[in-house]
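K.L.:
This is the structure alone, sequence omitted:
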């Protein structure tokens with residue numbers, strides 16, 4: 001007997017503002033059959049348009065991860081995808097009535113709550129993972145890079161560079177999901193932005209729904225202007241790891257390996273997955289029997 005796939009037990013809904021569109025959005029999460037993967041469905045279009053989440057469906061990566069099917073888009077999927085990973089869910093259908101997933105509080109925590117409220121159902125099919133067999137790396141001219149390496153578990157290390165951050169411990173973060181809880185370590189880390197960039201972004205029709213209610217806002221002189229400050233001392237870099245988890249789960253299967261990133265973002269993360277898939281000797285698909293512990297420590301959930 002092997003570890004089995006998960007979906008949710010009952011449908012559940014949520015509504016909120018799109019971070020970039022500023023529009024009210026509703027999503028409905030539904031159970032899905034074994035081996036389905038994650039499917040988004042634009043139900044505001046007739047007939048509805050389905051987009052299966054795979055690396056080649058990521059068509060835009062400016063400030064968020066966007067799925068594209070011809071001229072149909074669904075953006076800002078990374079926080080929800082990160083939460084789905086954290087819960088160990090393999091199969092899910094997501095109906096959405098707009099082109100952007102709601103930002104909610106800017107983290108993955110409300111999505112986690114929704115999934116927990118829906119409950120977890122076990123499906124009669126082995127859970128699949130992608131094990132990294134050799135190092136894969138992508139780089140940019142600005143010095144940013146992202147890398148996947150063999151590791152018997154799922155570990156991420158990340159470093160960011162902002163003048164605002166003075167201490168190394170605020171710039172770097174490492175987490176090993178072989179033994180560490182996604183819920184405790186990073187689910188509440190919010191997206192962030194700098195006040196000086198707000199006007200420029202809005203002129204570009206971006207961040208129209210951004211506020212202190214759904215993002216950490218930083219002023220060059222005053223620092224973090226949100227009431228209550230940061231949720232974690234290193235919340236900014238933790239959020240970048242939260243994003244990376246969501247971006248990597250676009251692969252469909254959880255990764256067994258080490259991810260390292262330096263100033264990486266949605267574009268490099270997706271480029272890394274595409275390069276991985278193009279090198280057949282760099283990975284393999286595996287499952288695990290029930291006598292062995294899973295290499296990823298998912299959020300404890302009641303399953304049936």
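P.N.:
It's in. Only a predicted model underlies this, so the values are computations on that prediction, with no experimental measurement involved. Numbers count the residues shown, from 1 in each chain.
K.L.:
Helices of the protein, start to end?
P.N.:
78-86, 109-118, 168-171, 182-185, 195-203, 235-248, 266-278 (DSSP state H).
K.L.:
any idea how far residue 82 is from residue 152?
P.N.:
As judged by CB to CB, to the nearest Å, residue 82 and residue 152 stand 22 Å apart. Every C-beta, even on glycine, is put in place using the N, C-alpha and C of the backbone.
K.L.:
Between those two, which is the more surrounded one?
P.N.:
residue 82 (28 against 12; other CB atoms under 10 Å).
K.L.:
can you count the residues close to the nearest residue to that one once chain neighbours are set aside?
P.N.:
Closest residue to residue 82 apart from its sequence neighbours, by CB to CB, 6 or more residues apart in numbering: residue 246 at 3.4 Å. Using other CB under 10 Å, residue 246 has 25 other residues around it.
K.L.:
Next one: residue 246 from residue 83, what distance?
P.N.:
8 Å.
K.L.:
Which pLDDT value does the model give the most centrally placed residue in the chain?
P.N.:
Residue closest to the mean C-alpha point of the chain, counted by CA atoms, centre = their mean, is residue 246 at 1.8 Å. The model reports residue 246 with a pLDDT of 98.
K.L.:
for it, what are its contacts?
P.N.:
Contact partners of residue 246, counting by CB atoms under 8 Å, 6 or more residues apart in numbering, are 65, 77-83, 85, 108.
K.L.:
What is the nearest of these to residue 281?
P.N.:
residue 85 (25.3 Å; CB to CB).
K.L.:
wait, isn't that closest one in contact with residue 251?
P.N.:
No - at 10.1 Å, residue 85 does not count as touching residue 251 under the criterion of CB atoms under 8 Å.
K.L.:
Neighbour count for these two, which is higher?
P.N.:
Between residue 85 and residue 251, residue 85 has the larger neighbour count (other CB under 10 Å), namely 26 against 20.
K.L.:
Can you tell me the closest non-neighbouring residue to that one?
P.N.:
Per CB to CB, 6+ apart, closest to residue 85 is residue 249, 4.2 Å.
K.L.:
mind listing what the one you found touches?
P.N.:
Applying CB under 8 Å, 6+ apart to residue 249 gives the contacts 38, 81-82, 84-85.
K.L.:
quick revisit: could I get the helices of the chain as a markdown table with distance to residue 223?
P.N.:
Formatted as a markdown table, the helices of the chain follow (distance: least, CB to CB, whole Å):
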| stretch | distance to residue 223 |
| --- | --- |
| helix 78-86 | 24 |
| helix 109-118 | 23 |
| helix 168-171 | 12 |
| helix 182-185 | 24 |
| helix 195-203 | 10 |
| helix 235-248 | 12 |
| helix 266-278 | 26 |
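K.L.:
where does the nearest residue to residue 64 once chain neighbours are set aside fall, phi/psi-wise?
P.N.:
Leaving aside its sequence neighbours, residue 64 sits nearest to residue 76 (CB to CB, 6+ apart; 4.2 Å). Phi and psi for residue 76, reported as degrees, to the nearest 10, are phi 60, psi 50.
K.L.:
any idea which of the contacts of residue 249 is closest to residue 191?
P.N.:
Distances from residue 191 to the contacts of residue 249, taken by CB to CB, are shortest for residue 82, at 11.3 Å.
K.L.:
Thanks a lot, catch you later.
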